[in-house]
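[1] no sequence for this one, just the structure:
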(Lines give C-alpha, C1' and ligand atoms only; values in the text may rest on other atoms or scores of the structure.)
Protein backbone atom coordinates (compact mmCIF):
# COMPACT_ATOMS: atom_id res chain seq x y z
CA UNK A 1 0.00 0.00 0.00
CA UNK A 2 2.90 2.37 0.70
CA UNK A 3 4.14 1.79 -2.86
CA UNK A 4 0.64 2.36 -4.23
CA UNK A 5 0.52 5.68 -2.36
CA UNK A 6 3.79 6.74 -3.98
CA UNK A 7 2.35 5.85 -7.37
CA UNK A 8 -0.80 7.87 -6.62
CA UNK A 9 1.28 11.01 -6.09
CA UNK A 10 2.39 10.88 -9.72
CA UNK A 11 -1.06 12.15 -10.61
CA UNK A 12 -0.68 15.23 -8.39
CA UNK A 13 -1.91 18.32 -10.19
CA UNK A 14 -2.93 16.30 -13.25
CA UNK A 15 -6.08 14.46 -12.16
CA UNK A 16 -7.99 17.01 -10.10
CA UNK A 17 -10.96 17.25 -9.56
CA UNK A 18 -10.69 13.45 -9.73
CA UNK A 19 -8.84 11.56 -6.98
CA UNK A 20 -5.19 10.55 -7.00
CA UNK A 21 -5.08 6.76 -7.04
CA UNK A 22 -2.29 4.18 -7.11
CA UNK A 23 -2.52 0.44 -7.73
CA UNK A 24 -0.12 -2.49 -7.35
CA UNK A 25 -1.01 -5.94 -8.72
CA UNK A 26 0.51 -9.18 -7.44
CA UNK A 27 0.65 -12.78 -8.57
CA UNK A 28 1.71 -15.29 -5.92
CA UNK A 29 3.16 -12.40 -3.90
CA UNK A 30 5.21 -10.98 -6.78
CA UNK A 31 4.47 -7.53 -8.21
CA UNK A 32 3.28 -7.92 -11.81
CA UNK A 33 1.67 -4.56 -12.51
CA UNK A 34 1.76 -0.96 -11.34
CA UNK A 35 -0.49 1.94 -12.22
CA UNK A 36 -1.74 5.37 -11.26
CA UNK A 37 -4.44 7.74 -12.43
CA UNK A 38 -2.37 9.71 -14.94
CA UNK A 39 -4.49 12.78 -15.78
CA UNK A 40 -8.06 14.06 -15.82
CA UNK A 41 -10.00 11.98 -18.33
CA UNK A 42 -7.21 9.42 -18.64
CA UNK A 43 -7.21 5.76 -17.69
CA UNK A 44 -7.45 4.82 -14.04
CA UNK A 45 -4.73 3.27 -11.91
CA UNK A 46 -6.26 -0.21 -12.06
CA UNK A 47 -6.56 -0.09 -15.86
CA UNK A 48 -2.89 0.90 -16.24
CA UNK A 49 -1.75 -1.85 -13.88
CA UNK A 50 -3.92 -4.49 -15.57
CA UNK A 51 -2.54 -3.48 -18.97
CA UNK A 52 1.04 -3.82 -17.71
CA UNK A 53 0.34 -7.25 -16.25
CA UNK A 54 -1.39 -8.42 -19.44
CA UNK A 55 1.49 -7.21 -21.59
CA UNK A 56 3.86 -9.32 -19.48
CA UNK A 57 1.55 -12.34 -19.78
CA UNK A 58 0.82 -12.39 -16.05
CA UNK A 59 -2.50 -13.05 -14.30
CA UNK A 60 -2.66 -11.14 -11.00
CA UNK A 61 -4.53 -12.65 -8.08
CA UNK A 62 -4.30 -9.64 -5.72
CA UNK A 63 -4.80 -5.90 -6.20
CA UNK A 64 -3.66 -3.25 -3.72
CA UNK A 65 -5.43 0.06 -4.38
CA UNK A 66 -5.32 3.33 -2.43
CA UNK A 67 -9.01 4.07 -3.13
CA UNK A 68 -12.07 1.86 -3.45
CA UNK A 69 -12.31 0.87 -7.14
CA UNK A 70 -15.01 2.68 -9.08
CA UNK A 71 -18.15 0.88 -10.26
CA UNK A 72 -20.07 3.59 -12.14
CA UNK A 73 -20.65 2.66 -15.81
CA UNK A 74 -18.88 4.72 -18.45
CA UNK A 75 -20.99 7.70 -19.53
CA UNK A 76 -22.99 7.87 -16.29
CA UNK A 77 -22.45 11.00 -14.16
CA UNK A 78 -19.94 12.24 -16.74
CA UNK A 79 -17.64 9.25 -16.22
CA UNK A 80 -15.07 8.87 -19.01
CA UNK A 81 -13.61 5.42 -18.25
CA UNK A 82 -14.79 1.85 -17.78
CA UNK A 83 -15.49 0.80 -14.15
CA UNK A 84 -12.45 -0.64 -12.37
CA UNK A 85 -14.23 -2.96 -9.92
CA UNK A 86 -15.73 -4.94 -12.80
CA UNK A 87 -12.39 -4.92 -14.65
CA UNK A 88 -10.52 -6.38 -11.67
CA UNK A 89 -13.09 -9.14 -11.23
CA UNK A 90 -13.07 -9.93 -14.95
CA UNK A 91 -9.26 -10.20 -14.90
CA UNK A 92 -9.45 -12.98 -12.32
CA UNK A 93 -8.29 -10.97 -9.31
CA UNK A 94 -9.41 -12.89 -6.22
CA UNK A 95 -8.40 -10.45 -3.47
CA UNK A 96 -8.52 -6.63 -3.36
CA UNK A 97 -6.85 -4.62 -0.60
CA UNK A 98 -8.21 -1.07 -0.29
CA UNK A 99 -6.81 1.95 1.53
CA UNK A 100 -9.68 4.47 1.66
CA UNK A 101 -13.38 4.18 0.85
CA UNK A 102 -14.82 6.40 -1.89
CA UNK A 103 -15.37 9.93 -0.51
CA UNK A 104 -18.38 10.47 -2.76
CA UNK A 105 -21.47 9.36 -0.80
CA UNK A 106 -23.18 8.44 -4.09
CA UNK A 107 -20.61 5.71 -4.74
CA UNK A 108 -19.29 4.81 -1.31
CA UNK A 109 -18.97 0.99 -0.88
CA UNK A 110 -20.55 0.34 -4.28
CA UNK A 111 -17.23 -0.81 -5.70
CA UNK A 112 -16.81 -3.18 -2.76
CA UNK A 113 -20.33 -4.52 -3.34
CA UNK A 114 -19.50 -5.27 -6.98
CA UNK A 115 -16.29 -7.06 -6.02
CA UNK A 116 -17.88 -9.12 -3.27
CA UNK A 117 -20.79 -9.93 -5.55
CA UNK A 118 -18.26 -11.40 -7.98
CA UNK A 119 -16.76 -13.55 -5.23
CA UNK A 120 -13.70 -11.37 -4.66
CA UNK A 121 -12.30 -11.12 -1.11
CA UNK A 122 -12.04 -7.48 0.00
CA UNK A 123 -9.93 -6.02 2.81
CA UNK A 124 -10.28 -2.27 3.39
CA UNK A 125 -8.75 0.26 5.78
CA UNK A 126 -5.06 -0.54 5.11
CA UNK A 127 -3.01 2.65 5.71
CA UNK A 128 -6.40 4.34 5.69
CA UNK A 129 -5.22 7.61 7.24
CA UNK A 130 -2.43 8.14 4.70
CA UNK A 131 -4.69 7.16 1.81
CA UNK A 132 -7.42 9.48 3.03
CA UNK A 133 -4.92 12.35 3.31
CA UNK A 134 -4.02 11.92 -0.35
CA UNK A 135 -7.67 12.61 -1.23
CA UNK A 136 -7.76 16.12 0.23
CA UNK A 137 -8.22 17.83 -3.15
CA UNK A 138 -10.85 15.28 -4.20
CA UNK A 139 -12.91 15.97 -1.09
CA UNK A 140 -12.65 19.72 -1.75
CA UNK A 141 -13.77 19.22 -5.35
CA UNK A 142 -16.81 17.19 -4.28
CA UNK A 143 -18.04 20.17 -2.26
CA UNK A 144 -17.78 22.65 -5.15
CA UNK A 145 -20.75 23.91 -7.16
CA UNK A 146 -18.42 25.12 -9.92
CA UNK A 147 -15.66 23.59 -12.08
CA UNK A 148 -12.24 22.84 -10.64
CA UNK A 149 -10.15 25.80 -11.82
CA UNK A 150 -6.45 25.88 -12.59
CA UNK A 151 -4.74 29.23 -13.22
CA UNK A 152 -1.57 28.98 -15.32
CA UNK A 153 0.89 31.66 -16.34
CA UNK A 154 4.44 32.17 -17.53
CA UNK A 155 6.54 34.92 -16.01
CA UNK A 156 10.08 36.22 -15.87
CA UNK A 157 12.26 35.81 -12.82
CA UNK A 158 11.18 39.27 -11.67
CA UNK A 159 7.50 38.38 -11.95
CA UNK A 160 6.52 40.00 -15.26
CA UNK A 161 4.13 38.44 -17.77
CA UNK A 162 5.01 40.84 -20.60
CA UNK A 163 7.35 43.68 -21.47
CA UNK A 164 6.25 47.27 -20.67
CA UNK A 165 5.15 47.46 -24.33
CA UNK A 166 2.78 44.52 -23.80
CA UNK A 167 4.86 42.15 -25.97
CA UNK A 168 4.97 38.68 -24.38
CA UNK A 169 6.23 36.14 -26.95
CA UNK A 170 7.89 34.14 -25.79
CA UNK A 171 8.58 34.26 -22.05
CA UNK A 172 8.79 30.52 -21.50
CA UNK A 173 10.58 27.92 -23.61
CA UNK A 174 9.19 25.25 -25.95
CA UNK A 175 8.92 22.62 -23.20
CA UNK A 176 6.65 24.85 -21.11
CA UNK A 177 4.56 25.72 -24.15
CA UNK A 178 4.14 22.02 -24.94
CA UNK A 179 3.10 21.42 -21.34
CA UNK A 180 0.48 24.16 -21.70
CA UNK A 181 -0.98 22.43 -24.74
CA UNK A 182 -1.12 19.16 -22.79
CA UNK A 183 -3.06 20.98 -20.08
CA UNK A 184 -5.50 22.39 -22.63
CA UNK A 185 -6.13 18.90 -23.99
CA UNK A 186 -6.84 17.65 -20.48
CA UNK A 187 -9.35 20.33 -19.51
CA UNK A 188 -12.96 20.86 -20.46
CA UNK A 189 -12.33 24.52 -21.28
CA UNK A 190 -9.61 27.15 -21.47
CA UNK A 191 -10.43 30.71 -20.41
CA UNK A 192 -8.92 34.19 -20.84
CA UNK A 193 -10.02 37.71 -20.02
CA UNK A 194 -11.05 40.25 -22.63
CA UNK A 195 -7.79 42.22 -22.56
CA UNK A 196 -5.69 39.08 -23.02
CA UNK A 197 -7.90 38.11 -25.96
CA UNK A 198 -7.54 41.62 -27.38
CA UNK A 199 -3.78 42.05 -26.93
CA UNK A 200 -2.51 38.49 -27.58
CA UNK A 201 -5.23 37.45 -30.08
CA UNK A 202 -4.74 33.78 -29.06
CA UNK A 203 -6.19 30.68 -30.68
CA UNK A 204 -6.42 28.71 -27.39
CA UNK A 205 -6.31 25.42 -29.30
CA UNK A 206 -4.31 22.21 -28.80
CA UNK A 207 -1.57 22.17 -31.42
CA UNK A 208 1.75 20.84 -30.11
CA UNK A 209 0.35 17.55 -28.78
CA UNK A 210 -2.39 15.11 -29.72
CA UNK A 211 -5.61 15.58 -27.80
CA UNK A 212 -9.14 16.89 -27.78
CA UNK A 213 -9.89 20.56 -28.27
CA UNK A 214 -11.30 22.39 -25.21
CA UNK A 215 -14.14 24.86 -25.26
CA UNK A 216 -12.67 28.36 -25.51
CA UNK A 217 -14.12 30.94 -23.10
CA UNK A 218 -13.58 34.71 -23.01
CA UNK A 219 -14.69 36.77 -20.02
CA UNK A 220 -15.90 39.87 -21.88
CA UNK A 221 -18.64 41.72 -19.96
CA UNK A 222 -19.43 44.22 -22.74
CA UNK A 223 -18.90 41.91 -25.73
CA UNK A 224 -16.00 44.01 -27.00
CA UNK A 225 -14.03 41.23 -28.68
CA UNK A 226 -13.21 42.00 -32.32
CA UNK A 227 -15.15 40.20 -35.02
CA UNK A 228 -11.90 39.49 -36.86
CA UNK A 229 -10.07 38.08 -33.83
CA UNK A 230 -8.77 34.52 -34.04
CA UNK A 231 -11.32 33.34 -31.50
CA UNK A 232 -14.35 34.79 -33.28
CA UNK A 233 -13.19 33.92 -36.81
CA UNK A 234 -12.81 30.25 -35.85
CA UNK A 235 -15.86 30.01 -33.57
CA UNK A 236 -17.80 27.83 -35.99
CA UNK A 237 -14.94 25.32 -36.11
CA UNK A 238 -13.99 25.36 -32.41
CA UNK A 239 -16.62 25.88 -29.66
CA UNK A 240 -16.23 29.41 -28.31
CA UNK A 241 -18.19 30.88 -25.42
CA UNK A 242 -18.36 34.49 -24.26
CA UNK A 243 -19.24 35.32 -20.65
CA UNK A 244 -21.01 38.68 -20.95
CA UNK A 245 -23.14 40.94 -18.82
CA UNK A 246 -26.90 40.52 -18.80
CA UNK A 247 -26.96 44.19 -19.82
CA UNK A 248 -24.72 43.82 -22.87
CA UNK A 249 -26.14 45.39 -26.04
CA UNK A 250 -28.52 42.81 -27.51
CA UNK A 251 -27.53 43.73 -31.06
CA UNK A 252 -23.90 43.01 -30.21
CA UNK A 253 -24.84 39.77 -28.51
CA UNK A 254 -26.87 38.72 -31.54
CA UNK A 255 -24.01 39.61 -33.89
CA UNK A 256 -21.62 37.36 -31.95
CA UNK A 257 -24.16 34.55 -31.93
CA UNK A 258 -24.48 34.91 -35.72
CA UNK A 259 -20.69 34.52 -35.98
CA UNK A 260 -20.83 31.22 -34.06
CA UNK A 261 -19.97 32.48 -30.56
CA UNK A 262 -22.18 31.19 -27.75
CA UNK A 263 -22.93 34.14 -25.48
CA UNK A 264 -23.57 33.24 -21.84
CA UNK A 265 -25.22 36.11 -19.97
CA UNK A 266 -24.20 36.63 -16.35
CA UNK A 267 -25.13 39.18 -13.70
CA UNK A 268 -22.72 42.05 -13.08
CA UNK A 269 -21.01 42.95 -9.83
CA UNK A 270 -19.42 46.28 -8.92
CA UNK A 271 -20.11 47.85 -12.31
CA UNK A 272 -20.68 46.83 -15.93
CA UNK A 273 -17.10 45.64 -16.57
CA UNK A 274 -17.11 43.15 -13.70
CA UNK A 275 -19.15 39.98 -13.80
CA UNK A 276 -20.48 38.04 -10.84
CA UNK A 277 -17.87 35.30 -11.28
CA UNK A 278 -19.46 33.11 -8.62
CA UNK A 279 -22.63 32.94 -10.70
CA UNK A 280 -20.62 32.60 -13.92
CA UNK A 281 -18.69 29.56 -12.71
CA UNK A 282 -21.82 27.94 -11.30
CA UNK A 283 -23.35 28.29 -14.77
CA UNK A 284 -20.31 26.66 -16.34
CA UNK A 285 -20.70 23.77 -13.90
CA UNK A 286 -24.39 23.49 -14.76
CA UNK A 287 -23.38 23.20 -18.42
CA UNK A 288 -21.18 20.22 -17.62
CA UNK A 289 -17.70 21.74 -17.29
CA UNK A 290 -15.65 20.08 -14.56
CA UNK A 291 -12.08 21.32 -15.12
CA UNK A 292 -11.22 24.78 -16.48
CA UNK A 293 -7.77 26.13 -17.35
CA UNK A 294 -7.38 29.92 -17.00
CA UNK A 295 -4.51 31.51 -18.93
CA UNK A 296 -4.85 35.12 -17.76
CA UNK A 297 -4.68 37.96 -17.65
CA UNK A 298 -3.80 39.43 -14.32
CA UNK A 299 -7.06 41.29 -13.86
CA UNK A 300 -9.16 38.17 -14.37
CA UNK A 301 -6.97 36.07 -12.05
CA UNK A 302 -7.24 38.74 -9.34
CA UNK A 303 -11.02 38.76 -9.61
CA UNK A 304 -11.16 34.98 -9.50
CA UNK A 305 -9.05 34.86 -6.36
CA UNK A 306 -11.34 37.45 -4.78
CA UNK A 307 -14.36 35.32 -5.70
CA UNK A 308 -12.63 32.19 -4.32
CA UNK A 309 -12.80 30.55 -7.74
CA UNK A 310 -9.18 29.33 -7.93
CA UNK A 311 -8.22 25.83 -6.81
CA UNK A 312 -4.80 25.28 -8.35
CA UNK A 313 -1.91 27.38 -9.69
CA UNK A 314 0.85 26.52 -12.14
CA UNK A 315 3.54 29.11 -12.87
CA UNK A 316 6.39 28.73 -15.33
CA UNK A 317 9.30 30.92 -14.22
CA UNK A 318 11.73 31.77 -17.00
CA UNK A 319 15.40 32.70 -16.32
CA UNK A 320 14.85 36.20 -17.71
CA UNK A 321 14.65 39.64 -16.13
CA UNK A 322 12.76 42.42 -17.88
CA UNK A 323 12.03 45.04 -15.20
CA UNK A 324 9.82 48.07 -15.64
CA UNK A 325 7.17 49.53 -13.36
CA UNK A 326 4.57 49.28 -16.13
CA UNK A 327 5.25 45.67 -17.06
CA UNK A 328 2.22 43.53 -16.10
CA UNK A 329 2.26 40.84 -13.43
CA UNK A 330 0.31 37.53 -13.23
CA UNK A 331 -2.15 38.83 -10.64
CA UNK A 332 -3.39 42.41 -10.94
CA UNK A 333 -6.08 44.21 -9.03
CA UNK A 334 -5.51 45.87 -5.68
CA UNK A 335 -3.88 42.84 -4.08
CA UNK A 336 -3.80 41.99 -0.41
CA UNK A 337 -2.77 44.83 1.93
CA UNK A 338 -0.62 42.71 4.26
CA UNK A 339 1.67 39.73 3.82
CA UNK A 340 -0.28 37.82 6.45
CA UNK A 341 -3.34 38.04 4.18
CA UNK A 342 -1.59 36.64 1.08
CA UNK A 343 -3.21 33.72 -0.71
CA UNK A 344 -1.21 30.77 0.56
CA UNK A 345 -0.47 27.72 -1.57
CA UNK A 346 -0.14 24.25 -0.08
CA UNK A 347 1.05 20.91 -1.45
CA UNK A 348 3.61 22.89 -3.44
CA UNK A 349 5.71 21.20 -6.13
CA UNK A 350 8.74 22.24 -8.20
CA UNK A 351 10.15 20.73 -11.37
CA UNK A 352 12.42 21.71 -14.23
CA UNK A 353 10.69 22.27 -17.56
CA UNK A 354 13.47 22.85 -20.05
CA UNK A 355 15.22 26.05 -18.99
CA UNK A 356 12.17 27.11 -16.94
CA UNK A 357 11.02 26.11 -13.47
CA UNK A 358 7.42 24.99 -12.98
CA UNK A 359 5.96 25.86 -9.57
CA UNK A 360 2.58 24.39 -8.70
CA UNK A 361 0.33 24.38 -5.68
CA UNK A 362 -3.24 24.38 -4.42
CA UNK A 363 -5.29 27.26 -3.03
CA UNK A 364 -7.52 26.85 -0.01
CA UNK A 365 -8.06 23.92 2.30
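    Arrived safely, thanks for sending. Being a predicted model, the structure only gives us computed values, none of them experimental.
[2] Contacts only, for the residue sitting nearest the centre point of the chain.
    The centre of the chain sits closest to residue 291, judged by C-alpha atoms, centre = their mean, with a distance of 4.6 Å. Counting by C-beta atoms under 8 Å, 6 or more residues apart in numbering, residue 291 makes contact with 16, 17, 40, 147, 148, 149, 150, 186, 187, 188. C-beta: built from backbone N, CA, C; applies to glycine.
[3] what residues does whichever strand or helix holds residue 5 touch?
    Here residue 5, judged by DSSP states H and E, is contained in helix 2-8. Helix 2-8 is contacted by residues 20-24, 31, 34-37, 45, 64-66, 99, 127, 130-131, 134 when judged by C-beta under 8 Å, 6+ apart.
[4] same deal with stretch 294-308?
    So stretch 294-308 is contacted by 149-153, 161, 180, 190-193, 195-196, 202, 204, 219, 274, 277-278, 281, 310, 328-335, 343, 363-364 (C-beta under 8 Å, 6+ apart).
[5] Skipping its backbone neighbours, what lies nearest residue 137 in space?
    residue 16 (5.0 Å; C-beta to C-beta, 6 or more residues apart in numbering).
[6] State the distance from that neighbour to residue 136.
    The gap separating residue 16 from residue 136 is 10 Å, by C-beta to C-beta, to the nearest Å.
[7] more crowded one of these two?
    Neighbours per residue, other C-beta atoms under 10 Å: of residue 16 and residue 136, the larger number sits with residue 16, 23 against 16.
[8] Contacts only, for that one.
    Neighbours of residue 16 in contact, by C-beta under 8 Å, 6+ apart: 40, 137, 138, 141, 148, 150, 291, 311, 312.
[9] Thought residue 162 was touching residue 168, still the case?
    Yes - Residue 168 is within contact range of residue 162, at 3.8 Å (criterion: C-beta atoms under 8 Å).
[10] Compare the two and say which one has the larger neighbour count.
    Neighbour tally, residue 168 and residue 162, criterion other C-beta under 10 Å: the higher count belongs to residue 162, 25 against 21.
[11] so that one sits right up against residue 170, yeah?
    No - with contact defined as C-beta under 8 Å, residue 162 does not reach residue 170; the gap is 11.0 Å.
[12] out of the contacts of residue 291, which is most surrounded?
    Most neighbours among the contacts of residue 291, by other C-beta under 10 Å: residue 187, with 28 neighbours.
[13] Of the contacts of residue 291, which belong to strands?
    148, 149, 150 (DSSP state E).
[14] Quick check on the contacts of stretch 294-308: which are buried?
    Buried members of these, scored by 16 or more other C-beta atoms under 10 Å, are 149-153, 161, 180, 190-193, 195-196, 202, 204, 219, 277-278, 281, 310, 328-332, 363.
[15] just for this protein, where's the confidence low?
    Residues of the chain meeting the criterion pLDDT under 70: 75-80, 271-272, 365.
[16] Give me the neighbour count for the closest residue to residue 346 other than its chain neighbours.
    If the residues on either side of it in the chain are set aside, residue 346 comes closest to residue 362, at 5.6 Å by C-beta to C-beta, 6+ apart. Per other C-beta under 10 Å, the neighbour tally for residue 362 reads 22.
[17] ok, residues contacting the helix or strand hosting residue 362?
    Applying DSSP H and E as the criterion places residue 362 in strand 356-363. Here strand 356-363 makes contact (C-beta under 8 Å, 6+ apart) with 13, 137, 154, 172-173, 175-176, 179, 305, 310-319, 343-352.
[18] Please list the members of those residues that lie in strands.
    Reading strands off the contacts of strand 356-363 with DSSP E, I get 154, 312-318, 345-352.
[19] Taking the residues you listed together, which two end up most distant?
    318 and 346 (24.5 Å; C-beta to C-beta).
[20] Please report phi then psi for residue 26.
    When read as degrees, to the nearest 10, the backbone of residue 26 gives phi -130, psi 150.
[21] ah, wrong one, I meant residue 160
    phi -110, psi 140.
[22] quick one, what contacts it?
    With C-beta under 8 Å, 6+ apart, residue 160 has these contacts: 322, 323, 324, 327, 328, 329.
[23] Closest one of those residues to residue 248?
    residue 328 (25.7 Å).
[24] which SS state does that closest one fall under?
    coil (DSSP: H, G, I helix; E, B strand; the rest coil).
[25] Tell me who's in contact with it.
    Applying C-beta under 8 Å, 6+ apart, the residues near residue 328 are 160, 161, 162, 166, 297, 298.
[26] that older thread, what about residue 318 and residue 346, which has more around it?
    More crowded of residue 318 and residue 346, by other C-beta under 10 Å: residue 318, with 21 against 11.
[27] Going along the chain, name the strands of the chain.
    22-27, 30-36, 62-67, 95-100, 121-124, 148-156, 189-193, 215-219, 240-245, 262-266, 291-294, 312-318, 345-353, 356-363.
[28] for those, which one ends up most surrounded?
    strand 62-67 (a mean of 28; mean count of other C-beta atoms under 10 Å).
[29] which residues sit against that strand?
    Counting by C-beta under 8 Å, 6+ apart, 1, 3-5, 8, 19-27, 45-46, 49, 69, 84, 88, 93-102, 126, 131, 134-135 sit against strand 62-67.
[30] which neighbours does that strand have in its sheet, and in what orientation?
    strand 22-27 (antiparallel), strand 95-100 (parallel) (DSSP bridges).
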